[in-house]
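Visitor: give me the fold of what follows.
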Amino acid sequence: MTDGPTTTSSAPATAVPFDAERRATELAILDALRAVVDPEIGMNVVELALIRQILLGPDSTEIKMILTTPFCPYAGSMIQQVKEQAETVVDHDVKVTLLAERWDPRDAGLMW
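Guide: Prediction:
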């Protein structure tokens with residue numbers, strides 16, 4: 001018999017330390033992307049929740065985004081604007097990747 005509850009020891013998960021400079025860069029990119037407006041809806045890509053992920057690297061950055069509709073007639077110009085706006089923040093190439101995920105208008109207005 002034991003005197004108390006037994007606990008199993010497991011190695012703690014290694015937490016990734018918070019990188020304030022990296023987060024500041026992500027927020028600066030999001031701020032710059034507020035200038036990219038979907039012409040059909042009249043809201044920017046951040047407010048519309050079209051930006052899904054920002055992957056910052058030492059020599060390149062990738063922004064993963066979706067469109068409001070699969071065959072958005074403004075896709076090409078919006079992708080180019082996202083690239084150009086992000087490149088005003090970082091001093092290296094930015095790649096924009098479109099995801100096949102469907103946009104849900106209920107996500108609009110949610111912030112990072």
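Visitor: please, where are all the helices along this structure?
Guide: Along the chain, the segments classed as helices by DSSP state H run 20-33, 75-87.
Visitor: a markdown table for those, including distance to L98 and mean pLDDT?
Guide: To be clear about C-beta, it is placed using only N, CA and C from the backbone, and glycine gets the same treatment. Output for these, formatted as a markdown table (distance: least, Cβ to Cβ, whole Å; pLDDT from 0 to 100):
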| stretch | distance to L98 | mean pLDDT |
| --- | --- | --- |
| helix 20-33 | 15 | 96 |
| helix 75-87 | 7 | 97 |
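Visitor: just say which of these is most tucked in.
Guide: helix 75-87 (a mean of 17; mean count of other Cβ atoms under 10 Å).
Visitor: what angle do that helix and helix 20-33 make?
Guide: Going by axes from the mean of the first three to the mean of the last three Cα atoms, to 10 degrees, helix 75-87 is angled at 140 degrees with respect to helix 20-33.
Visitor: run through the chain and note the low-pLDDT ranges.
Guide: Scanning the chain for pLDDT under 70 picks out 1-13, 110-112.
Visitor: 90 - rerun?
Guide: Along the chain, segments meeting pLDDT under 90 span 1-19, 58, 70-71, 105-112.
Visitor: so how far is I29 from the residue nearest the centre of it?
Guide: Nearest residue to the geometric centre of the chain (Cα atoms, centre = their mean): Q53, 2.6 Å. From Q53 across to I29, the span is 11 Å (Cβ to Cβ, to the nearest Å).
Visitor: quick check: neighbours shared by these two?
Guide: I63 (Cβ atoms under 8 Å, 6 or more residues apart in numbering).
Visitor: now the residue nearest to the centre of the chain: closest residue in space, sequence neighbours ignored.
Guide: K64 (4.2 Å; Cβ to Cβ, 6 or more residues apart in numbering).
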